[in-house]
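S.K.: Here is the input, now give the coordinates:
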Amino acid sequence: MHTRTIGGRSVSAIGLGGMPLSIEGRPDRARSIATVHAALDAGVTFIDTADAYHRDPGETGHNESLIAEALASYGSGASDVLVATKGGHLRPGDGTWTLDGRPEYLKRACEESLRRLGVEAVGLYQLHRPDPDVAYEDSVGALKELLDEGKIRMAGISNADPGRIGLANEVLDGRLASVQNQFSPRFRSSEPELGLCDSLGIAFLPWSPLGGITRAGELGTQHAAFAAVAKERGVGPQQVCLAWMLAKSPVVVPIPGSSRPETVRDSAAAAELELSAEELARLDEA
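M.R.: Numbering: from 1, shown residues only. Okay, here's the model as predicted:
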């Protein structure tokens, strides 16, 4: 598989978003593990998770523990995988989401993520979402301290606008490794953030790149140009979508979620799909 870099570290051009393996409608544990193993078999070396990716009360970190189990059971071939996790966005388990960007909370959450992942340092730790009740520089400052202490190897942010990207990079002394924002054919308002990351050499990680868990299968019917190019190429519109994103910038690393081995293999194959300038123009105009 083609590769990209996050904070100077080489990773697969297509990552795996772990969220669908742990929330509503999640598969059983055996299929979840098989899905992660299928990703690794396909050459995926970047997996995104978060402590908030769970379904029920009392199971915070479900996805982190699941990813750790899948990697451990895969064997030595998992040693090159970069696991990214996030803190600051909580899910009490009643269907709601809350925020806690306090430095003391983020440090505590990171310690818990370290324990669940079974590592000495988190490969990439990201502020999940800005907390309006906490100064952004204070939240990012906690990541800087974790970075300086060696608890995390790289720091990133998620759901950030251009101003916060600049501020975070300043607080981190130019060490901001990634920005994870929503981006897909139906949600393209993060183009400015993508452009800024491209200019700064910061990895841009589109979440829900296929339109979301319940919409990925509808991508071809909702976006005719993607369906047309897919038909001409003899592939699915999901592969075309991911290839279109990769062509936008060398800093882009999409992280499509998956709950089945078949779909994760299909997503990984998008890294080998080279679209022509004419095809890209058609997709951009769609």
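S.K.: Could you look up the SS state of residue 44?
M.R.: Judged by DSSP: H, G, I helix; E, B strand; the rest coil, the three-state class of residue 44 is coil.
S.K.: Just to check, it is in contact with residue 14?
M.R.: Yes: the criterion here is CB atoms under 8 Å, and residue 44 meets it with residue 14 at 6.5 Å. In this view, the C-beta of every residue, glycine as well, is placed from N, C-alpha and C.
S.K.: Please name every helix or strand in contact with the longest helix anywhere in the chain.
M.R.: In the chain, with assignment by DSSP state H, the single longest helix is helix 103-117. Taking 3 or more CB pairs under 8 Å, 6 or more residues apart in numbering; DSSP states H and E as contact, the helices and strands that helix 103-117 lies on are helix 62-74, strand 82-87, strand 124-127, helix 136-148.
S.K.: Switch those over to a markdown table; also include mean pLDDT and mean neighbour count.
M.R.: Putting the helices and strands packed on helix 103-117 into a markdown table (pLDDT from 0 to 100; neighbours: other CB atoms under 10 Å) gives the following:
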| stretch | mean pLDDT | mean neighbour count |
| --- | --- | --- |
| helix 62-74 | 98 | 21 |
| strand 82-87 | 98 | 26 |
| strand 124-127 | 98 | 26 |
| helix 136-148 | 98 | 20 |
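S.K.: Between residue 44 and residue 14, which is the more surrounded one?
M.R.: Neighbour count, other CB atoms under 10 Å: between residue 44 and residue 14, residue 14 has more, with 31 against 25.
S.K.: Against residue 3, how distant is that one?
M.R.: 10 Å (CB to CB, to the nearest Å).
S.K.: Relative to its centre, which residue of the chain is most distant?
M.R.: When distances are taken from the C-alpha mean of the chain, residue 232 lies farthest, 29.1 Å away, according to CA atoms, centre = their mean.
S.K.: and the helix or strand harbouring residue 194, which residues are buried?
M.R.: Counting by DSSP states H and E, the element that carries residue 194 is helix 191-200. The neighbour-count check on helix 191-200 (16 or more other CB atoms under 10 Å) flags 193-194, 196-197 as buried.
S.K.: overlap in contacts of residue 44 and residue 14?
M.R.: Residues touching both residue 44 and residue 14 by CB atoms under 8 Å, 6 or more residues apart in numbering: 1, 268.
S.K.: Hmm, residue 55 and residue 24 touching each other?
M.R.: Yes: here residue 24 reaches residue 55: they are 5.8 Å apart, a contact under CB under 8 Å.
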